[in-house]
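Turn this into a structure:
(2 chains)
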Amino acid sequence: MRPNGSIATASPTKSVSANISNNAKGRPNGRPLFASGRRLRAVPFITVLALLVPVAAGLWGTVMPAFGHLPAAGHVGMSLIAWEALFDWPGLGRAVWLSVSVGVISTLVALLLVILIVAGWHGTRSFQWLERLLSPLLSVPHAAAAFGLAFLVAPSGWLSRLMSPWATGWTRPPDLLIVQDPWGATLMAGMIAKEMPFLLLMTLAALSQVHHVEYARVTRALGYGRIKGWLIAVFPAVYAQIRLPVYVVLAYGMSVVDVAVILGPNTPPTLSVQIVRWMSDPDLMLRMQAAAGALLQLGLVGAALGAWRVAEWAVAKWGQAWATSGGRLRRDWPLRVVGQFAAVACSAAVLAGLAGLAVWSFAGRWRFPEAWPQTIKFSSWMRHGPEAIEVAGVTLFIAAVAVLIALVLVIGCLEAEHREGRPMNPAALWVLYLPLIVPQVAFLPGLQGLLLWLGWDKGLWPVIAAHLVFVLPYVFLAFADPFRAWDTRQATVAASLGASPNGVLWRVRMPMLLAPLLTAAAVGIAVSVGQYLPTLLVGGGRVSTLATEAVALAAGGDRRAIGVWGLAQTGAALLPFALALALPAMIYARRRGMRGG
Amino acid sequence: MGLKLTDVTITAPGADAPMLAVSADVAPGAVLSIMGPSGVGKSTLLAWLTGTLPVGFQATGRAELAGRDITNLAPEARRLGILFQDHLLFPHLSVGANLAFGLAAGVSNRRDVVDQALVEIDLAGYADRDPATLSGGQRARVALMRMLLSEPEALLLDEPFSRLDAALRDQMRDLVFSRARAKQLPVIMVTHDAQDAEAAGGEVLHLRSGQAAR
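Model (predicted):
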């Protein structure tokens, strides 16, 4: 380590960048402004606009026809004819009841199961196993999961085949309405299986911000069983953080369309499915009825959220009494078993369903009650494969563009937050969640009408913009935590080495965050690939994606075709996740410090 | 010349009185050690000096480096090198790329400069190594050399030796302080280890909670 002067003379005098004068001007003593700050500060506003404008415009476009103004149908001005028509529809009461019961029950059950799983098993080895079992379900598109479930539980489905004829005595599929049952029970089951992994993931993210391990230790030391100890000591803090995701699940469960088309009842269907049927009817008069229905759906979701909020208060009140009652609930093993069983059942149902899609896509002759097809053939793939690949291209193009825009906006928002040094306004979180809580069916029909009126309904761009509304919040939620958790002393070091703020961002921060960045992109692609209604309505029926093609097959019942399209949709959603895992591992194969982070 | 702080006060968000008030004049090649219990604002002072004071903190006073007023400059324009206790090598870059990161854009034959720099810190041939595979002492030396290659006009040290074991600590102290002296760089070191201050051999400023004075 001998002293050496060569280093000192190697570098010419560093030019001091031009933004100094900008930064020095008019700044009080303290933190200076950074370069290119003005353009960056516009990004959060653009982001808010990208989220709010479609929702607000869409709601406006729904309100007008709902109150009788639809010039295309020859109705101008204010009237209540749309509402009269809506209330004259005989299925309304049943459709409303279905929407409410499916939404509330599936949310409640999914939340309770997540609580049982986390409270009963967190910190054990089984929990890691359960988590690994459930997390891939998150990225399986809703429609594909629903088809898989239908193939499993239908009268001629795998379950019935496996039990026939030895247990059931059936030699022909029984005449039972299991899928599309009038109570919506299968629909609820499908929603629970899909939403539970989402709530579980959100709960785990919330747990990392709570000192749950210490609390759990204290309550156990005080003699409480796992579940009660967790509920009284950890759950209140966790729930405060997963409240918005729970609202998303509730609103989504009440207004879901693709899953309800596949698993839900038909006569009448849920309210949102009926609204979409009216929307696609050539009779323009029905559009007004659909708009009134959409507002009713919005009101129902609002009322359900309000009721849920009241119930939160009531449960909290009761919980306080329960917490101080002294009961220890030490023998909670039956509850823990229920949680574990439910987790395994959900995972098994979705995975077996996907296997069912695969088997059907290759099935030749397949008589009931055989558990396997008698012959395997590739003709389903030959027939539908080329078209599926073409549609997959369109699907992934829409997804890629929407995700790219979302990433630019999200990185811009987070970087602006970092450079300003101020945490995000709490109201911004609501803006982020708004498009996920306002039912799609309440504003997308209006948006379609407005785009039609403006003449902007052609091509892929309106569809991409509509997808962006739903992709952006998930990309933000997936990327914000890793971005904010980054050690900003790295930025100080890089700046002291002469790197500009943009240099820090692109040469240090983003490369270090490559893995979470790609994961966020994969989440965004999976969200886009799963979107059914935005493509259907905003695309005006002229844009086909894997989601719209697959759901369109629901009525026909061609299981081999459904197998091909359902698998194609699943693949399009899962493949990006595989890449998001593989790419950083390859790129940073020789950087140990970049692994496991 | 040197690094001069004039009537610097920093007030925490919402506080009435400044958490610290400092005036100091660090000559080229000299070391000012700042000591005090944790939470007294030692690192806050360094954050102010590097231009990364968190929003909400109020600061008054001025900082001059080699006659330039750097008080309101952008962090990357201040030419202050900083070393943290975690050496904070960029984990996605090789050892050589870490060194090249600090090198000014105009330097040609970058690879030679980097290789030569590695020779100087007894890490010849380490350019393509993954920084995560280095020992703590090796990382500390790379971090120091990366900073020196960026041609700073002063050094800031934030508890730079506290993660090293005793033998390495002495070595690193010698290396850092001899380098600073050789290049006639003024150094401000924040530490809670009295031996650091002793080894530095310069003035010691004790910050006390509530109020600090020269």
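
Name the nearest residue to whichever residue of the stretch 451-597 of chain A sits closest to chain B, ignoring sequence neighbours.
Distances between the stretch 451-597 of chain A and chain B by Cβ to the nearest Cβ are smallest at A:Gly593, namely 3.0 Å. Where you see a C-beta, it was placed from the backbone N, CA and C, and this is true even at glycine. Leaving out its chain neighbours, the residue that sits closest to A:Gly593 by Cβ to Cβ, 6 or more residues apart in numbering or on different chains is B:Pro91, at 3.0 Å.

show me where the stretch 251-400 of chain A has helices.
Ranges of helices in the stretch 251-400 of chain A, per DSSP state H, counting those that start in this stretch, are A:258-263, A:271-279, A:285-323, A:333-362, A:379-420.

picking up where we left off before, what distance do you get for the residue nearest to A:Gly593 to A:Lys194?
Separation of B:Pro91 from A:Lys194 (Cβ to Cβ, to the nearest Å) stands at 37 Å.

With A:Arg330 instead?
On the measure of Cβ to Cβ, A:Arg330 and A:Lys194 end up 34 Å apart.

Of those two, give the one with the bigger neighbour count.
A:Lys194 (27 against 14; other Cβ atoms under 10 Å in any protein chain shown).

Which residues are in contact with B:Asp7?
B:21, B:23, B:60-62 (Cβ atoms under 8 Å, 6 or more residues apart in numbering or on different chains).

Over to A:Ile398?
A:460, A:463-464, A:467, A:528, A:535, A:543, A:545.

out of everything not next to it in sequence, what's closest to it?
A:Ile464 (5.5 Å).

Would you mark the buried spots in stretch A:166-175?
By neighbour count on 16 or more other Cβ atoms under 10 Å in any protein chain shown, the buried set for stretch A:166-175 is A:Trp170.

any idea of the mean pLDDT in it?
For stretch A:166-175, mean pLDDT rounds to 85.

Could you tell me how far that stretch lies from the centre of the chain?
Remark: stretch A:166-175 is offset 38 Å from the chain centroid, using Cα atoms, centre = their mean, to the nearest Å.

ok, and what's touching it?
So stretch A:166-175 is contacted by A:154-156, A:160, A:164-165, A:368-369 (Cβ under 8 Å, 6+ apart).

Find the closest residue to chain A in chain B.
B:Pro91 (3.0 Å).

now that residue: how far from A:Leu460?
Taking Cβ to Cβ, one finds B:Pro91 at 39 Å from A:Leu460.

Look at the two and report which has more neighbours.
Between B:Pro91 and A:Leu460, counting by other Cβ under 10 Å, B:Pro91 is the more crowded of the two (20 against 16).

which element is that one on?
Counting by DSSP states H and E, there is no helix or strand that carries B:Pro91.

was I right about it contacting B:Pro131?
Yes. Counting by Cβ atoms under 8 Å, B:Pro131 is a contact partner of B:Pro91 at 6.3 Å.

so where's chain B uncertain?
B:209-214 (pLDDT under 70).

Quick check: the residue of the stretch 101-250 of chain A nearest chain B.
For the stretch 101-250 of chain A, Cβ to the nearest Cβ, closest residue to chain B: A:Gln209, 20.3 Å.

For that residue, pull up the helix or strand it's in.
Using DSSP H and E, no helix or strand contains A:Gln209.

Ignoring the adjacent residues along the chain, who's closest to it?
Spatially, and ignoring its direct neighbours in sequence, A:Gln209 is nearest to A:Gln241 (6.6 Å; Cβ to Cβ, 6+ apart).

what about the residue nearest the centre of chain B, distance to A:Gly120?
By Cα atoms, centre = their mean, chain B has its centre lying nearest to B:Leu156, at 2.3 Å. Look at B:Leu156 and A:Gly120: by Cβ to Cβ, they are 51 Å apart.

Just the endpoints, please. Distance across stretch A:199-213?
Length of stretch A:199-213, first residue to last, Cα to Cα, to the nearest Å: 20 Å.

swap that for stretch A:258-278, sorry
15 Å.

picking that back up, list the residues that contact both of B:Pro91 and B:Pro131?
By the contact definition Cβ under 8 Å, 6+ apart, B:Pro91 and B:Pro131 are jointly contacted by A:Gly593.

what about burial for the contacts of A:Ile398, which qualify?
Buried among the contacts of A:Ile398 (16+ other Cβ under 10 Å): A:460, A:463-464, A:467, A:528, A:535, A:543, A:545.

Can you tell me which of those residues comes closest to B:Leu118?
A:Ser528 (47.1 Å; Cβ to Cβ).

which residues touch the closest one?
A:395, A:398-399, A:402-403, A:467, A:470-471.

how about low-confidence regions in chain A?
A:1-37, A:596-597.

In space, not sequence, find me the middle residue of it.
Most central in chain A (Cα atoms, centre = their mean) works out to A:Val527, at 5.8 Å.

My read is that that residue contacts A:Tyr474, right?
Yes. With contact defined as Cβ under 8 Å, A:Val527 counts as touching A:Tyr474 (4.9 Å).

So which elements touch the helix or strand hosting B:Leu118?
According to DSSP H and E, B:Leu118 maps onto helix B:110-120. Packed against helix B:110-120, as judged by 3 or more Cβ pairs under 8 Å, 6 or more residues apart in numbering or on different chains; DSSP states H and E, are the following elements: helix A:6-10, helix B:95-102, helix B:136-149.

which parts of it are buried?
Quick answer for helix B:110-120 (16+ other Cβ under 10 Å): B:110, B:113-115, B:117-118, B:120.

can I get these in CSV with distance to A:Ala294?
CSV is the format used below for the buried residues of helix B:110-120 (distance: Cβ to Cβ, whole Å):
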residue, distance to A:Ala294
B:Arg110, 62
B:Val113, 67
B:Val114, 64
B:Asp115, 68
B:Ala117, 67
B:Leu118, 67
B:Glu120, 72
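
need the contact list for A:Ala311.
Counting by Cβ under 8 Å, 6+ apart, A:Ala311 has no contacts.

One more: A:Leu59?
Applying Cβ under 8 Å, 6+ apart, the residues contacting A:Leu59 are A:298, A:438, A:442-443, A:446.

Contact residues of the stretch 301-450 of chain A facing chain B?
Contacts of the stretch 301-450 of chain A with chain B, taken as Cβ under 8 Å from any Cβ of the partner chain, map to A:420-422.

Return the member of these nearest to chain B.
The closest of these, once distances to chain B are taken by Cβ to the nearest Cβ, is A:Gly421, at 3.6 Å.

Next, the contact list for A:Leu452, please.
Neighbours of A:Leu452 in contact, by Cβ under 8 Å, 6+ apart: A:72, A:540.

Apart from its chain neighbours, what residue comes closest to A:Ala554?
Counting by Cβ to Cβ, 6+ apart, the residue nearest A:Ala554 is A:Ile262, at 4.8 Å.
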